[in-house]
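Peer 1: Sharing a model prediction with you, sequence too.
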Amino acid sequence: MHPQLEVLLKCVALEEKEQAQRYQLDQSHTLKQLKAEGLALHPLIITRKSFGYADYPEISFKLAFPPEASLFRDGAAIECFITGEEPIKGVLLSLDGKAGEFRLFAPDFPDWIEDDGVGIKLAPDTRTTTIMKKTLGELEQNKPLFKLFEQLHEEVTTPVVPSTIKEQPLQWRNGQLNASQHTAIQAVVQNEQLTILHGPPGTGKTTTLVEAIWQLVKRGEKVLVSAPSNTAVDNIAKGLLQQGIRLLRVGNMSKVDSAIFPHTPEGRMTGSRQQKEIKELKKRAEEFRRMALKYKRSFGKAEREQRNLLFKEVKSIRTEIKKMQAYNEEKLFEEAQVIAGTPIGLYDAGVDHLHFNTLVVDEAGQCIEPLAWCIFPLADKYVLAGDHFQLPPTVLSQEAMRLGFNLSILEKAIASSGNVYLLNTQYRMRPSIAGFSSNYFYNDLLQTAAHLADDGPHITFIDTAGSGNDETHGPDGVSLQNEGELDLLQKLLEEIQPDPLRTAIISPYAGQVSAAKERFTNGYRISTIDSFQGQEQEIVIVSLVRSNDDGEIGFLKDYRRMNVAITRAKEQLYIIGDSATIGADPFYNALLVYTEQRGVYRSVWEFQ
C-alpha cells in the first residue's frame, strides 16, 4: 500500500480513538467537564416530538442558556442520555442559539425522553470513519483516481507553473463579474482534471461558482456539488436555484431552508401517490408502536417478546418506506442537472451508478482529505473552491495533526497543482480593514472594489496593556475569559451606540463568548470566531482575551483564525487586546503597527 495511504488510515484510526476518549461520559470525565469543553448540552427542555425522515423519532428542544456549541455542527453524531439509562445514538439536525433539533436512530422515543436531566453529547462519528477507511482501502484499485492521489502526494521540488487558459467567448449569465472571476470560470469550463478556485474573504466565491456551474450545465454536463457543512451546501444550492437549474438536494436533513425544501426528494414527493402510501405506512407503524408501548418497563418474558415483535414490525415498515423513497429518488436523480449534498450525504444517497462530469467541492479548505476521496470516484473532473488561509478542518487528535491530518484537500491540491485561480477583488470591507490580510496572507494581491474607498479610519485597536485586566478561567475552570475586556466593550458600546442588529461581538474563546452572552442581551450577534466563518456584519468587535505576564497566547497562534476574525467587518472593525501580551509575536506585532498606520490606536485609559 502507498505509504501516504497508510498515514491517512493511521490518522483516521487516531482520530476515532481520540473522539471515543474525548466524548466519554464516565467517572473520570464528568458531565460538568463535557459541558465546559462544549461537548455536551444539558439539561434540555423538550418542546416537540415527531416522526420525521424514514420514520425516525425527531426531537426539538430548547436550552435555558445560550450554549458554547461551536462543535455541535449540523450532522454531528450525538448520543441522547439521562443518568441510569442506556444512551441512544442519533444525529444533530440543527442548533441555532438556544433551540435545536436531533434525530434518534431508534424504533421509538425512549420512555425517559421528557424526564428532568435529559441531555445530548457529541459521540464518535463511526459512520464517517468507517466510510473513510473503506474508501482509502479501495483507492489503489481505481487506477485514474490513484494516479491523481500520487500526484497530490509527490514531493514538489520545482515551482508549480500556473496553467495558461485559452480565453473562449462565453455568454455570461451574470453581467456583473470582474476579470479574475471571468478567468476562473473559463478555467472551470476548460478543466480537464483538477482546477482550484481560491476565494479570499468577500471576493464573491459563491457567485463565481454559480456562474461556472451554470456554464457547465449549459454544455450538457451533469454536476455534483458538495461542501463539508449543510449550511455551505444550502448556500450554493440557493444560488443555483435562482438561475433556474434543475437541482436535487440530498441528505438526511430536517431543517431545510424553505427555498430548498421543494428541491429535496421529500419536497418533490409532496402531494404524490407515493407520499399518500408512505403516510399510510407511517400510520400503521404508529399503531404498532402504540401497542408496543402498552408494555411498560417492568414486564415479564412473554410481554418482552411481544413488544420486540411489534418493534420488529415497525422496523420492517421503516425499511419499506426507505425502499419507496429510494425508488422515487431514482427518477429524480436522472432528471437533475445538479445533485448537491455533504460528502457523506452524497455517499449515502447511492448516486454511484450515475455518471457525473464534474464534482465541485466548496469550502474545500475545511474538508479533510479522506472525506474528499469518498466522493471523488463519482465524477471525472474536480473543482475545489475555498481559502486555505481561513480555518482548517477540525481535528481532535494531536498525533493525527502532527501527521498532517488537518491539512485540507485544498491545501494538498494547491501545493502540487498549477491550476490555481485567485479571485482578486473583494466587495465586503473598506480597504483599511482588508489591507492587513491582503498584505500578510495574499501577497498584496487582494484589491478592494472601487465603491468602497476609505472615507476615514475603519479599524481601531484598543489596548488594555497595564490595566491589570488579566485573563481568568471561567466558572467551569477550563475555558478562558477576560472580565476587564467585557467592561471595556461595554464602555465602547455606550460611546459608539451601534445598532445591535448590525453589530457582532466575536472572540476566539468560548468562555468569553458565554460571559458576553450573559452580559449583552439586546440583540447583538455574539459568537466564537469559528462559528462566524463565512458570515459578515457592518460592525465587528473582536475580544482577544489573552492577557498575562508570560506572553502566552495559546491558540491565537493559529493566524488563520485571526484572518477570519479581522475580515468579517464591512464598515468598522474594533480589536480589544493587550499589546504587552500579544506584541512579542511577529504576526500581532505587524497587526499593531498596521493599525497605528492605517487606523486608530486607543488606550484603555481613554475609557476611564
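Peer 2: That came through fine.
Peer 1: Low-confidence ranges, the stretch 101-250 of the chain, go.
Peer 2: Low-confidence segments of the stretch 101-250 of the chain (pLDDT under 70): 156-163.
Peer 1: just the helices in it please.
Peer 2: Applying DSSP state H, counting those that start in this stretch to the stretch 101-250 of the chain gives helices spanning 126-138, 143-152, 179-190, 205-218, 230-242.
Peer 1: Grab the CA positions of the third one and hand them over as PDB.
Peer 2: Read that as helix 179-190. Only the C-alpha atoms of helix 179-190 are listed here, as PDB (Å, rounded to 0.1, in the frame of the first residue of the first chain):
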ATOM      1  CA  ALA A 179     -11.900  39.900 -14.800                       C
ATOM      2  CA  SER A 180     -10.500  37.500 -12.200                       C
ATOM      3  CA  GLN A 181     -13.900  35.800 -11.900                       C
ATOM      4  CA  HIS A 182     -14.100  35.500 -15.700                       C
ATOM      5  CA  THR A 183     -10.700  33.800 -15.800                       C
ATOM      6  CA  ALA A 184     -11.700  31.400 -13.000                       C
ATOM      7  CA  ILE A 185     -14.900  30.400 -14.800                       C
ATOM      8  CA  GLN A 186     -13.100  30.000 -18.100                       C
ATOM      9  CA  ALA A 187     -10.700  27.600 -16.200                       C
ATOM     10  CA  VAL A 188     -13.500  25.600 -14.800                       C
ATOM     11  CA  VAL A 189     -15.200  25.300 -18.200                       C
ATOM     12  CA  GLN A 190     -11.800  24.100 -19.800                       C
END
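Peer 1: Just give me how far it sits from the chain centre.
Peer 2: Helix 179-190 has its C-alpha centroid displaced from the chain centroid by 26 Å (C-alpha atoms, centre = their mean, to the nearest Å).
Peer 1: got the angle between it and helix 205-218?
Peer 2: Helix 179-190 and helix 205-218 are oriented at 40 degrees to each other (axes from the mean of the first three to the mean of the last three C-alpha atoms, to 10 degrees).
Peer 1: quick one: Val351 is in a strand?
Peer 2: No. Assigned with DSSP: H, G, I helix; E, B strand; the rest coil, Val351 falls outside any strand and is coil.
Peer 1: any idea of the pLDDT on it?
Peer 2: Looking at Val351, its pLDDT reads 92.
Peer 1: wouldn't it be in contact with Val225 here?
Peer 2: No. Contact criterion C-beta atoms under 8 Å: Val351 and Val225 do not qualify, at 11.9 Å. Where you see a C-beta, it was placed from the backbone N, CA and C, and this is true even at glycine.
Peer 1: intersection of neighbour lists for these two?
Peer 2: Ile339 (C-beta atoms under 8 Å, 6 or more residues apart in numbering).
Peer 1: Neighbour count: those two, which is higher?
Peer 2: Between Val351 and Val225, Val225 has the larger neighbour count (other C-beta atoms under 10 Å), namely 26 against 21.
Peer 1: What residues are recorded as beta-bridge partners of the nearest residue to the more buried one once chain neighbours are set aside?
Peer 2: Closest residue to Val225 apart from its sequence neighbours, by C-beta to C-beta, 6 or more residues apart in numbering: Ala340 at 4.1 Å. Bridge pairing for Ala340 (DSSP bridges) gives the partners Val225, Arg249.
Peer 1: tell me the contacts of Ala340?
Peer 2: Ala340 makes contact with 224-226, 233, 236-237, 240, 247-250, according to C-beta under 8 Å, 6+ apart.
Peer 1: and what of Tyr588?
Peer 2: By C-beta under 8 Å, 6+ apart, Tyr588 lies in contact with 553, 556, 577, 582.
Peer 1: So which of the residues you listed are in strands?
Peer 2: Cross-referencing these against strands under DSSP state E gives Gly577.
Peer 1: farthest-separated two in the contacts of Tyr588?
Peer 2: With distances taken as C-beta to C-beta, the most widely separated pair in the contacts of Tyr588 is Ile553 and Gly577, at 9.7 Å.
Peer 1: Common neighbours of the two, please.
Peer 2: Common contacts of Ile553 and Gly577, defined by C-beta under 8 Å, 6+ apart, comprise 546, 588.
Peer 1: Tell me which of these two has more neighbours.
Peer 2: Remark: of Ile553 and Gly577, Gly577 carries more neighbours, 26 against 21, as counted by other C-beta under 10 Å.
Peer 1: Tell me the spacing between the more buried one and Ser603.
Peer 2: Going from Gly577 to Ser603 by C-beta to C-beta, to the nearest Å gives 12 Å.
Peer 1: now Arg73
Peer 2: In this view, Arg73 and Ser603 are 39 Å apart by C-beta to C-beta.
Peer 1: And for Gln497?
Peer 2: Counting by C-beta to C-beta, the gap from Gln497 to Ser603 is 21 Å.
Peer 1: quick one, which of the two is more surrounded?
Peer 2: Neighbours per residue (other C-beta under 10 Å) separate Gln497 from Ser603, with Ser603 holding more: 15 against 6.
Peer 1: Tell me the bridge partners for that one.
Peer 2: On the basis of DSSP bridges, Ser603 is bridged to Asp463.
Peer 1: I'd say it and Asp463 touch.
Peer 2: Yes. With contact defined as C-beta under 8 Å, Ser603 counts as touching Asp463 (5.2 Å).
Peer 1: Overlap of the contact sets of these two?
Peer 2: Contacts common to Ser603 and Asp463, judged by C-beta under 8 Å, 6+ apart, are absent.
Peer 1: SS state for the residue lying closest to Gly466 once chain neighbours are set aside?
Peer 2: Leaving aside its chain neighbours, Gly466 sits nearest to Ala580 (7.0 Å; criterion: C-beta to C-beta, 6+ apart). At Ala580 the chain is in helix, as set by three-state DSSP.
Peer 1: Ala580 touches Gly468, doesn't it?
Peer 2: No. With contact defined as C-beta under 8 Å, Ala580 does not reach Gly468; the gap is 11.4 Å.
Peer 1: neighbour-wise, which of the two wins?
Peer 2: Ala580 (15 against 8).
Peer 1: Kindly provide the distance from that one to Glu485.
Peer 2: From Ala580 to Glu485 the distance is 14 Å (C-beta to C-beta).
Peer 1: Now do the helices in the stretch 501-608 of the chain.
Peer 2: Secondary structure of the stretch 501-608 of the chain by DSSP H, counting those that start in this stretch: the helices cover 510-519, 529-532, 559-565, 579-582, 586-598.
Peer 1: Could you export those helices as a markdown table, including mean pLDDT and distance to Ala77?
Peer 2: As requested, these are exported to a markdown table (pLDDT from 0 to 100; distance: least, C-beta to C-beta, whole Å):
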| stretch | mean pLDDT | distance to Ala77 |
| --- | --- | --- |
| helix 510-519 | 88 | 20 |
| helix 529-532 | 88 | 19 |
| helix 559-565 | 96 | 25 |
| helix 579-582 | 96 | 36 |
| helix 586-598 | 96 | 35 |
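Peer 1: What are the contacting residues of stretch 351-360?
Peer 2: Contacting residues not belonging to stretch 351-360 are listed as 188, 191, 209, 212-213, 216, 221-226, 236, 250, 333-334, 339, 375-383, 385 [C-beta under 8 Å, 6+ apart].
Peer 1: same deal with stretch 430-437?
Peer 2: Defining contact as C-beta under 8 Å, 6+ apart, one finds that stretch 430-437 is touched by 200-202, 426, 428, 446, 448, 452-454, 457-459, 563, 566-567, 569-571, 573, 590-591, 594-595, 598-599.
Peer 1: do stretch 47-57 as well
Peer 2: Applying C-beta under 8 Å, 6+ apart, the external contacts of stretch 47-57 come out as 58-62, 99, 103-106, 108-109, 113, 252-254, 266, 281-282, 285-286, 314, 317-318, 321-322, 325.
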